[in-house]
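Enquirer: Model the following, please.
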Amino acid sequence: MSSKTQISVFVIDDHPILRKGLQAEIESDSGFKFVGSSDSIQDGLNRMKFKTVDVLIMDISLKDENGINELTNIKQKFPLLKIIFFTMHRDWDYLQKAANSGADGYVLKTETTVNILGTIKSVFQGNKIFPQEVGTLQNKIATNDVLIQKLNVLSKRELDILHHLKSGKLNREIADELQISIRTVESHRSAIMQKFEIHSTIEFAKILHQLQLSKLI
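Expert: Sure thing, here's the model as predicted:
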């Protein structure tokens, strides 16, 4: 963590009562310094030009502005700034967009003061703080990205075979349906395992299970 004695915090939210509440919470801890607030992104950025700000706490839905859409622009103007979304939005779309856009934290407005201040401190130290379900989502996205890369190197026939295997069909059943020999099915299966860099039946079973969950094919 920085040797600074206080973490400077700026707040952007269009609810004055909430801004005042956050200000009171931040000022109640000597480890933080409240340096200002605004009810809009553009006004907030103009005010921040003349201040040293370590962490920005910002709502997502702000009158005619969207915090997530403005995130890249803010990061470009203030590359060292840590940004935490403080919002009522619980749905996956907002969580995913915030995480993928480079936000440093995501806190629900139902959180306690201790959790909010703890998040500010942790984000300032370089950590990413999101609700647990977002971490699960990001892992799922990463897994799907790897699967897509692997699927892209398969031939059309290999994809057909893999689709049938994913559905739980036996080699014999696949051969009958595609009107090919069992040996041909086995040959395609071996080729698929090689391209996926799979070396055991157990590993292959795990991949088939992931494909069932992801519905990529």
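
Enquirer: Show me where this protein dips below the pLDDT cut-off.
Expert: Along the chain, segments meeting pLDDT under 70 span 1-4, 113-114, 132-143.

Enquirer: Would you map the helices across this structure?
Expert: With helices called from DSSP state H, the chain shows them at 16-27, 41-48, 67-77, 92-101, 113-124, 132-151, 156-166, 171-178, 182-195, 201-214.

Enquirer: Turn these into CSV, columns for distance to D59.
Expert: C-beta coordinates here come from the backbone N, C-alpha and C atoms, glycine included. As requested, those are arranged in CSV below (distance: least, CB to CB, whole Å):
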stretch, distance to D59
helix 16-27, 8
helix 41-48, 10
helix 67-77, 6
helix 92-101, 11
helix 113-124, 13
helix 132-151, 18
helix 156-166, 43
helix 171-178, 53
helix 182-195, 46
helix 201-214, 33
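
Enquirer: Now those helices in CSV, please, with extra columns for mean neighbour count and distance to Q6.
Expert: Below are these laid out as CSV (neighbours: other CB atoms under 10 Å; distance: least, CB to CB, whole Å):
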stretch, mean neighbour count, distance to Q6
helix 16-27, 15, 10
helix 41-48, 17, 17
helix 67-77, 16, 22
helix 92-101, 16, 26
helix 113-124, 18, 10
helix 132-151, 13, 29
helix 156-166, 17, 55
helix 171-178, 15, 66
helix 182-195, 16, 55
helix 201-214, 13, 46
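
Enquirer: among the ones you listed, which is nearest I83?
Expert: helix 67-77 (6.5 Å; CB to CB).

Enquirer: Please enumerate residues in contact with that closest one?
Expert: For helix 67-77, the external contacting residues (CB atoms under 8 Å, 6 or more residues apart in numbering) are 12, 41, 45, 56, 58-61, 81, 83, 85, 87, 94, 97-98, 101-103.

Enquirer: Same question for stretch 78-91.
Expert: Under CB under 8 Å, 6+ apart, the answer for stretch 78-91 is 11, 13, 22, 48, 53-61, 67-68, 71, 74-75, 94-95, 98, 102-110, 116, 119-120, 123-124, 129.

Enquirer: Distance of the residue most central in space within the chain relative to K128?
Expert: The residue lying closest to the centre of the chain (CA atoms, centre = their mean) is A99, at 3.4 Å. Using CB to CB, to the nearest Å, A99 is found at 8 Å from K128.

Enquirer: Name the nearest residue to L208, ignoring sequence neighbours.
Expert: Counting by CB to CB, 6 or more residues apart in numbering, K166 is the residue found nearest to L208 once chain neighbours are left out, at 5.0 Å.

Enquirer: Surely that neighbour and L211 touch.
Expert: Yes. Counting by CB atoms under 8 Å, K166 does reach L211; the two are 4.7 Å apart.

Enquirer: what sits in contact with each of the two?
Expert: Joint contacts of K166 and L211 (CB under 8 Å, 6+ apart) are I217.

Enquirer: what about D54, how many neighbours?
Expert: 20 (other CB atoms under 10 Å).

Enquirer: isn't it right up against V123?
Expert: No. Assessed by CB under 8 Å, D54 is found out of contact with V123, at 9.1 Å.
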